[in-house]
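Peer 1: sequence below, structure please.
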Amino acid sequence: MINDKMEHRPQRLLAVFAHPDDETFICGGTLAKYAAEGVEITLVSATRGEMGRRMGNPPYLNRETIAAAREIELRQACDHLGVNELQFLDIRDKTVEFMDEEWLVGQIEHLITELRPDVILTFHETLGGHPDHCAIGKATTEAFRRAGQGELYFISFGDRMLQPERYGYTAQDIVAVDVQDHLAAKLAAFRAHRCQSEIDAWVWQRDDKALRHFGRYEYFIRGSQPQVS
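Peer 2: Okay, here's the model as predicted:
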(Lines give C-alpha, C1' and ligand atoms only; values in the text may rest on other atoms or scores of the structure.)
Protein backbone atom coordinates (compact mmCIF):
# COMPACT_ATOMS: atom_id res chain seq x y z
CA MET A 1 0.00 0.00 0.00
CA ILE A 2 1.33 3.44 -0.91
CA ASN A 3 1.82 5.78 2.03
CA ASP A 4 -0.49 8.79 2.08
CA LYS A 5 1.82 11.27 3.82
CA MET A 6 5.43 12.20 4.42
CA GLU A 7 7.06 11.07 7.66
CA HIS A 8 6.51 14.33 9.49
CA ARG A 9 4.70 17.55 8.77
CA PRO A 10 7.56 19.88 7.79
CA GLN A 11 8.10 23.37 9.11
CA ARG A 12 10.58 24.28 6.37
CA LEU A 13 10.67 22.85 2.88
CA LEU A 14 13.37 23.33 0.23
CA ALA A 15 12.54 22.53 -3.40
CA VAL A 16 15.46 22.42 -5.85
CA PHE A 17 14.50 22.20 -9.51
CA ALA A 18 15.96 23.05 -12.91
CA HIS A 19 13.51 25.37 -14.66
CA PRO A 20 10.66 27.79 -14.05
CA ASP A 21 7.43 25.72 -14.17
CA ASP A 22 8.98 22.49 -12.77
CA GLU A 23 7.53 23.41 -9.39
CA THR A 24 4.01 23.94 -10.74
CA PHE A 25 3.62 21.37 -13.48
CA ILE A 26 4.95 18.49 -11.37
CA CYS A 27 4.20 19.19 -7.71
CA GLY A 28 2.33 22.48 -7.52
CA GLY A 29 -0.47 20.97 -5.47
CA THR A 30 1.91 19.74 -2.81
CA LEU A 31 3.66 23.09 -2.51
CA ALA A 32 0.30 24.85 -2.23
CA LYS A 33 -0.90 22.35 0.38
CA TYR A 34 2.10 22.78 2.66
CA ALA A 35 2.17 26.53 2.17
CA ALA A 36 -1.48 26.71 3.24
CA GLU A 37 -0.53 24.77 6.38
CA GLY A 38 2.09 27.36 7.29
CA VAL A 39 5.21 25.62 6.02
CA GLU A 40 8.03 27.96 4.99
CA ILE A 41 8.93 27.07 1.40
CA THR A 42 12.10 28.05 -0.44
CA LEU A 43 12.23 27.31 -4.15
CA VAL A 44 15.52 27.14 -6.04
CA SER A 45 15.53 27.23 -9.84
CA ALA A 46 18.87 26.36 -11.38
CA THR A 47 18.06 28.25 -14.60
CA ARG A 48 15.63 30.80 -15.97
CA GLY A 49 14.50 28.46 -18.74
CA GLU A 50 15.86 30.65 -21.52
CA MET A 51 16.33 27.74 -23.94
CA GLY A 52 12.75 26.54 -23.70
CA ARG A 53 11.08 25.75 -27.01
CA ARG A 54 7.74 27.31 -26.11
CA MET A 55 7.70 31.04 -26.81
CA GLY A 56 4.01 31.74 -26.25
CA ASN A 57 1.07 30.90 -28.48
CA PRO A 58 1.31 32.55 -30.92
CA PRO A 59 5.02 33.22 -30.23
CA TYR A 60 5.74 36.63 -28.73
CA LEU A 61 9.10 35.95 -27.02
CA ASN A 62 12.60 35.36 -28.33
CA ARG A 63 15.95 34.22 -26.89
CA GLU A 64 16.65 37.75 -25.64
CA THR A 65 13.33 38.23 -23.84
CA ILE A 66 12.30 34.79 -22.65
CA ALA A 67 14.47 34.61 -19.52
CA ALA A 68 13.05 37.80 -18.03
CA ALA A 69 9.50 36.76 -18.95
CA ARG A 70 9.87 33.34 -17.36
CA GLU A 71 11.30 34.82 -14.18
CA ILE A 72 8.27 37.11 -13.88
CA GLU A 73 5.95 34.18 -14.53
CA LEU A 74 7.71 32.08 -11.92
CA ARG A 75 7.39 34.81 -9.31
CA GLN A 76 3.67 35.04 -10.07
CA ALA A 77 3.31 31.27 -9.81
CA CYS A 78 5.11 31.33 -6.46
CA ASP A 79 2.57 33.88 -5.23
CA HIS A 80 -0.29 31.57 -6.21
CA LEU A 81 1.34 28.56 -4.56
CA GLY A 82 2.40 30.40 -1.42
CA VAL A 83 6.15 29.92 -1.88
CA ASN A 84 7.96 32.21 0.55
CA GLU A 85 11.32 32.63 -1.15
CA LEU A 86 12.67 32.17 -4.66
CA GLN A 87 16.34 31.86 -5.55
CA PHE A 88 18.15 31.27 -8.82
CA LEU A 89 21.52 29.58 -9.33
CA ASP A 90 21.94 31.55 -12.58
CA ILE A 91 23.01 28.55 -14.64
CA ARG A 92 22.34 28.71 -18.36
CA ASP A 93 19.41 26.56 -19.38
CA LYS A 94 20.38 23.14 -20.80
CA THR A 95 23.89 23.32 -19.29
CA VAL A 96 23.29 22.12 -15.72
CA GLU A 97 24.87 18.75 -16.52
CA PHE A 98 28.07 20.50 -17.61
CA MET A 99 28.56 22.56 -14.46
CA ASP A 100 31.44 21.83 -12.13
CA GLU A 101 29.93 19.19 -9.86
CA GLU A 102 31.70 20.27 -6.70
CA TRP A 103 30.59 23.87 -7.19
CA LEU A 104 26.99 22.86 -7.79
CA VAL A 105 26.85 20.48 -4.83
CA GLY A 106 28.49 23.13 -2.68
CA GLN A 107 25.90 25.74 -3.58
CA ILE A 108 23.04 23.46 -2.62
CA GLU A 109 24.76 22.14 0.50
CA HIS A 110 25.24 25.73 1.67
CA LEU A 111 21.50 26.36 1.25
CA ILE A 112 20.60 23.21 3.17
CA THR A 113 22.95 24.14 5.99
CA GLU A 114 21.64 27.70 6.08
CA LEU A 115 17.92 26.92 5.81
CA ARG A 116 17.86 23.62 7.75
CA PRO A 117 14.79 22.30 5.89
CA ASP A 118 12.79 19.37 7.27
CA VAL A 119 11.97 18.23 3.73
CA ILE A 120 13.93 18.57 0.48
CA LEU A 121 12.27 17.97 -2.89
CA THR A 122 14.20 17.48 -6.10
CA PHE A 123 14.39 15.34 -9.24
CA HIS A 124 15.54 11.73 -9.31
CA GLU A 125 18.99 11.60 -10.91
CA THR A 126 18.00 8.98 -13.50
CA LEU A 127 14.18 9.23 -13.66
CA GLY A 128 14.08 13.01 -14.14
CA GLY A 129 13.78 12.78 -17.92
CA HIS A 130 15.49 16.03 -18.98
CA PRO A 131 19.31 16.19 -18.54
CA ASP A 132 18.97 19.39 -16.48
CA HIS A 133 16.47 17.63 -14.22
CA CYS A 134 18.74 14.65 -13.66
CA ALA A 135 21.81 16.82 -13.05
CA ILE A 136 20.16 19.07 -10.45
CA GLY A 137 18.67 15.99 -8.80
CA LYS A 138 22.05 14.27 -8.60
CA ALA A 139 23.70 17.37 -7.12
CA THR A 140 20.92 17.93 -4.60
CA THR A 141 21.03 14.29 -3.52
CA GLU A 142 24.77 14.53 -2.85
CA ALA A 143 24.33 17.85 -1.04
CA PHE A 144 21.64 16.26 1.13
CA ARG A 145 23.96 13.37 2.01
CA ARG A 146 26.78 15.72 2.93
CA ALA A 147 24.60 18.09 4.96
CA GLY A 148 22.77 15.32 6.81
CA GLN A 149 19.69 17.49 7.24
CA GLY A 150 16.02 16.68 6.78
CA GLU A 151 14.29 14.10 4.60
CA LEU A 152 14.78 13.81 0.85
CA TYR A 153 11.98 13.05 -1.62
CA PHE A 154 12.15 12.79 -5.40
CA ILE A 155 9.27 14.23 -7.39
CA SER A 156 7.67 12.05 -10.06
CA PHE A 157 5.58 12.63 -13.14
CA GLY A 158 1.84 12.03 -13.08
CA ASP A 159 0.78 8.69 -11.65
CA ARG A 160 3.70 6.58 -12.88
CA MET A 161 4.59 5.67 -9.29
CA LEU A 162 1.35 3.74 -8.95
CA GLN A 163 3.57 0.97 -10.37
CA PRO A 164 6.85 1.67 -8.55
CA GLU A 165 8.22 -1.84 -9.16
CA ARG A 166 8.83 -0.85 -12.78
CA TYR A 167 11.40 1.64 -11.51
CA GLY A 168 13.08 -0.48 -8.83
CA TYR A 169 10.96 0.66 -5.89
CA THR A 170 8.20 -0.80 -3.76
CA ALA A 171 4.96 0.77 -2.57
CA GLN A 172 6.59 1.46 0.80
CA ASP A 173 9.06 3.77 -0.96
CA ILE A 174 6.29 5.95 -2.40
CA VAL A 175 4.34 8.76 -0.78
CA ALA A 176 1.08 10.02 -2.26
CA VAL A 177 0.14 13.54 -1.18
CA ASP A 178 -3.56 14.40 -1.37
CA VAL A 179 -3.75 17.79 -3.11
CA GLN A 180 -7.48 17.82 -3.87
CA ASP A 181 -8.13 20.97 -1.86
CA HIS A 182 -5.29 22.89 -3.51
CA LEU A 183 -5.88 22.28 -7.19
CA ALA A 184 -7.28 25.77 -7.75
CA ALA A 185 -3.95 27.24 -6.64
CA LYS A 186 -2.14 24.80 -8.92
CA LEU A 187 -4.30 25.87 -11.87
CA ALA A 188 -3.64 29.53 -11.14
CA ALA A 189 0.09 28.80 -11.12
CA PHE A 190 -0.23 26.91 -14.42
CA ARG A 191 -1.83 29.97 -15.93
CA ALA A 192 0.86 32.20 -14.48
CA HIS A 193 3.37 30.26 -16.59
CA ARG A 194 1.64 31.74 -19.59
CA CYS A 195 4.31 31.36 -22.26
CA GLN A 196 4.63 27.66 -21.44
CA SER A 197 0.96 26.81 -20.92
CA GLU A 198 -0.82 28.84 -23.61
CA ILE A 199 -0.36 26.03 -26.12
CA ASP A 200 -2.31 23.65 -23.86
CA ALA A 201 -5.94 24.50 -24.57
CA TRP A 202 -7.27 22.64 -21.51
CA VAL A 203 -5.46 25.03 -19.13
CA TRP A 204 -7.60 27.89 -20.39
CA GLN A 205 -10.95 26.14 -20.30
CA ARG A 206 -13.55 27.09 -17.72
CA ASP A 207 -12.14 26.39 -14.25
CA ASP A 208 -14.30 23.37 -13.51
CA LYS A 209 -13.28 21.72 -16.78
CA ALA A 210 -9.60 22.57 -16.45
CA LEU A 211 -9.43 21.21 -12.91
CA ARG A 212 -10.54 17.79 -14.13
CA HIS A 213 -7.17 17.36 -15.80
CA PHE A 214 -5.41 17.20 -12.44
CA GLY A 215 -5.13 14.07 -10.36
CA ARG A 216 -6.02 14.07 -6.69
CA TYR A 217 -2.56 12.86 -5.66
CA GLU A 218 1.03 13.83 -6.37
CA TYR A 219 3.59 11.06 -5.89
CA PHE A 220 7.06 11.16 -4.38
CA ILE A 221 9.88 8.64 -3.98
CA ARG A 222 11.60 8.44 -0.63
CA GLY A 223 15.17 9.53 -1.30
CA SER A 224 16.33 9.04 2.27
CA GLN A 225 16.17 5.26 1.81
CA PRO A 226 18.25 3.14 -0.59
CA GLN A 227 16.76 1.97 -3.87
CA VAL A 228 15.69 -1.66 -4.07
CA SER A 229 18.08 -3.66 -6.26
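
Peer 1: where does the protein have low pLDDT?
Peer 2: Within the chain, the stretches with pLDDT under 70 are 1-8, 225-229.

Peer 1: which residue ranges of it form helices?
Peer 2: Along the chain, the segments classed as helices by DSSP state H run 22-36, 66-81, 101-115, 131-147, 183-192, 194-197, 207-211.

Peer 1: can you pull the contacts of Gln76?
Peer 2: Counting by C-beta atoms under 8 Å, 6 or more residues apart in numbering, Gln76 touches 189, 192. (C-beta placed from N, C-alpha, C; glycine too.)

Peer 1: returning to that earlier point: of the helices of the chain, which is nearest Asp93?
Peer 2: Closest to Asp93 of these, according to C-beta to C-beta: helix 131-147, at 7.1 Å.

Peer 1: okay, the helices of the chain, which one's buried deepest?
Peer 2: helix 22-36 (a mean of 25; mean count of other C-beta atoms under 10 Å).

Peer 1: out of the helices of the chain, which comes closest to Thr42?
Peer 2: Distance to Thr42, taken as C-beta to C-beta, is lowest for helix 101-115 among the helices of the chain, at 5.8 Å.

Peer 1: and the closest one, what does it pack onto?
Peer 2: The contact analysis (3 or more C-beta pairs under 8 Å, 6 or more residues apart in numbering; DSSP states H and E) places helix 101-115 against strand 12-17, strand 40-45, helix 131-147.

Peer 1: who's in contact with that helix?
Peer 2: By C-beta under 8 Å, 6+ apart, the residues outside helix 101-115 that reach it are 12, 14, 16, 42, 44, 87, 89, 91, 96, 120, 135-136, 139-140, 142-144, 146-147, 149-150.

Peer 1: for His130, see how far away the residue sitting furthest away from the middle of the chain is.
Peer 2: Relative to the centre of the chain, the most outlying C-alpha is that of Pro58, 26.6 Å out, by C-alpha atoms, centre = their mean. According to C-beta to C-beta, to the nearest Å, Pro58 stands 25 Å off from His130.

Peer 1: got it, and Glu85?
Peer 2: Where His130 is concerned, Glu85 sits at a distance of 24 Å (C-beta to C-beta).

Peer 1: the two - which one has more neighbours?
Peer 2: More neighbours surround His130 than the other of Glu85 and His130, with 15 against 12 (other C-beta atoms under 10 Å).

Peer 1: surely the more buried one meets Asp21?
Peer 2: No. Under the contact definition of C-beta atoms under 8 Å, His130 does not touch Asp21, with a separation of 11.7 Å.

Peer 1: dump the residue contacts of the residue lying closest to Cys195 once chain neighbours are set aside.
Peer 2: If you skip the residues right next to it in sequence, Cys195 has Gly56 as its closest partner in space, 4.5 Å away by C-beta to C-beta, 6 or more residues apart in numbering. For Gly56, the residues meeting the contact criterion (C-beta under 8 Å, 6+ apart) are 194-195, 198.

Peer 1: output these as CSV; include the columns distance to Glu73.
Peer 2: Output for the contacts of Gly56, formatted as CSV (distance: C-beta to C-beta, whole Å):
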residue, distance to Glu73
Arg194, 6
Cys195, 7
Glu198, 11
